[in-house]
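Visitor: When you get a sec, could you give me coordinates for this:
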Amino acid sequence: MQDKLSRGVYSDAKQFHADFKLMIKNCFLFNPVGTPVHEAGVAVNELFDEKWQELPSLHPQETDDDDEESDMDQDSAYSQTDET
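Guide: Residues are numbered from 1 along each chain as shown. Take a look at the predicted model:
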């Protein structure tokens, strides 16, 4: 994953997240419960999920551009009534 990250293979954070979850799934698949590797996978997965929740949203914030446009429309409507 570090190599993919440094080479710019991930086009977005969702791809990075999916790759991490696949790695954890494989960890659990090939390392039985109770083994040190499985336990380490559980700990890393929990830490990842905690840190992932702290990141900014993956969805762009909605702006108030629509409000500004409607304000402009109202302004032009007022100026039209002033002209007549």
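Visitor: how about low-confidence regions in this protein?
Guide: In the predicted model of the chain, residues 59-84 satisfy pLDDT under 70.
Visitor: Swap in 80 and give it another go.
Guide: The model of the chain has pLDDT under 80 over residues 58-84.
Visitor: where do the helices sit along it?
Guide: 2-7, 13-30, 36-54, 65-83 (DSSP state H).
Visitor: Which residue, neighbours along the chain excluded, lies closest to Lys4?
Guide: Tyr10 (6.1 Å; CB to CB, 6 or more residues apart in numbering). For the C-beta atoms, the positions are set from N, CA and C on the backbone; glycine is no exception.
Visitor: State the distance from that neighbour to Met1.
Guide: For Tyr10, the distance to Met1 equals 9 Å [CB to CB, to the nearest Å].
Visitor: Common neighbours of these two, please.
Guide: Between them, Tyr10 and Met1 have 16, 19 as joint contacts when contacts are counted by CB atoms under 8 Å, 6 or more residues apart in numbering.
Visitor: okay, these two: which has more neighbours?
Guide: Between Tyr10 and Met1, Tyr10 has the larger neighbour count (other CB atoms under 10 Å), namely 15 against 12.
Visitor: tell me the contacts of the more buried one?
Guide: The neighbours of Tyr10, taking CB under 8 Å, 6+ apart as the test, are 4, 16, 19.
Visitor: Phi, psi for the residue nearest to Lys4 please.
Guide: Dihedral angles of Tyr10 (phi, psi; degrees, to the nearest 10) stand at phi -80, psi 120.
Visitor: Please report how far it lies from Phe20.
Guide: Tyr10 is 10 Å from Phe20, by CB to CB.
Visitor: hmm, back to that, list buried residues within the contacts of Tyr10.
Guide: Buried subset of the contacts of Tyr10 (neighbour count, 16 or more other CB atoms under 10 Å): Phe16.
Visitor: Now distance to Val37 too, for the contacts of Tyr10, in a markdown table please.
Guide: Below are the contacts of Tyr10 laid out as a markdown table (distance: CB to CB, whole Å):
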| residue | distance to Val37 |
| --- | --- |
| Lys4 | 22 |
| Phe16 | 22 |
| Asp19 | 19 |
